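A.B. asks: Sequence first, then the predicted structure, then my questions.
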Amino acid sequence: MSPQSLSQATDAIPVSPPVLVLEDERPVETSQSTNAQRNERCNRRTRREEWLLDVFAMNSFSWAIAIPIELLLAGMSWREHIKVRLLAVLFNTVIARPFSVYRNWVVARFGRGGGLHNYAVDTFVFLSFQLPLYTLNMMLGGASMPEIVTACLTFVLIAGALGRPYGMYLDCLRRLWLGRRETPESVSAS
């Protein structure tokens, strides 16, 4: 090809005018960064849903158990019962998620098994988490040592009967609300 024919060939190629490109302050979103952001939003939503579930589970279970104990056995008035329960709502809201995370951790370590195994694990979790808090509450409330011992022994008997039912209730709510069953893989992610 001659130099003149090359010049004629390049004249036929359309050339766009130069374009000034300004860099945007926002980073370019790639599919990888978009997926990471979507996963982070999903994780935040899931953690919030789990927190709400734990708070609802602990408060609703506690209230349902407290009604016969406080109103029928202890003979409290409705007014006293409501005061105590409202304070319990605050306390339960604070401890609900830590209790659930602790339960998930213990269940991941000991696994699921038959009815007796699950009963023993849930009772252990309930007692080992709640008994120290209950004892501290009694001490801060100014109870004497004999009162603390009596109350704690009673608590141990009640906790032995309530640990597994609460675990079953929490698992049921997880299946209904979150649409999944806790597995050791999801437990360790908490």
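C.D. replies: Perfect, I can see it now.

A.B. asks: the longest helix in this protein is where?
C.D. replies: Scanning the chain for the helix with the most residues, using DSSP state H, yields helix 31-66.

A.B. asks: The spatially closest residue to Trp51 that is not a sequence neighbour: helix or strand, and which one exactly?
C.D. replies: Excluding the flanking residues, the one nearest Trp51 by Cβ to Cβ, 6 or more residues apart in numbering is Arg97, at 5.1 Å. For every residue, glycine as well, the C-beta is placed using N, CA and C. Assigned by DSSP states H and E, Arg97 belongs to helix 78-110.

A.B. asks: Show the average pLDDT along that helix.
C.D. replies: The average pLDDT for helix 78-110 rounds to 88.

A.B. asks: likewise stretch 118-132?
C.D. replies: 91.

A.B. asks: Give me the contacts around that stretch.
C.D. replies: 99, 102-103, 106-107, 110, 112-113, 152, 155-156, 159-160, 162-164, 166-168 (Cβ atoms under 8 Å, 6 or more residues apart in numbering).

A.B. asks: let's see 7 Å
C.D. replies: 99, 102-103, 106-107, 110, 112, 152, 155-156, 159-160, 162-164, 166-167 (Cβ atoms under 7 Å, 6 or more residues apart in numbering).

A.B. asks: Mind giving me the PyMOL command for buried ones among those residues?
C.D. replies: This is how PyMOL selects the buried members of those, with burial counted by 16 or more other Cβ atoms under 10 Å:
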select buried, resi 99+103+106+107+152+155+159+162+163+164+166+167
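
A.B. asks: Quick one: find the helix or strand in the chain with the lowest mean pLDDT.
C.D. replies: helix 184-189 (a mean of 45; mean pLDDT, DSSP states H and E).

A.B. asks: now Gly115: how far from Asp122?
C.D. replies: Distance of Gly115 to Asp122, computed by Cβ to Cβ, to the nearest Å: 11 Å.

A.B. asks: Gly167 now?
C.D. replies: Separation of Gly167 from Asp122 (Cβ to Cβ): 4 Å.

A.B. asks: what does Gly75 give?
C.D. replies: 30 Å.

A.B. asks: ok, now Ile69?
C.D. replies: 20 Å.

A.B. asks: The two: which has the busier surroundings?
C.D. replies: For Ile69 and Asp122, the more surrounded residue by other Cβ atoms under 10 Å is Asp122, and the numbers stand at 23 against 12.

A.B. asks: On the three-state scheme, that one is what?
C.D. replies: Secondary structure state of Asp122, per DSSP: H, G, I helix; E, B strand; the rest coil, is helix.

A.B. asks: Can you give me the distance of it to Phe110?
C.D. replies: 10 Å.
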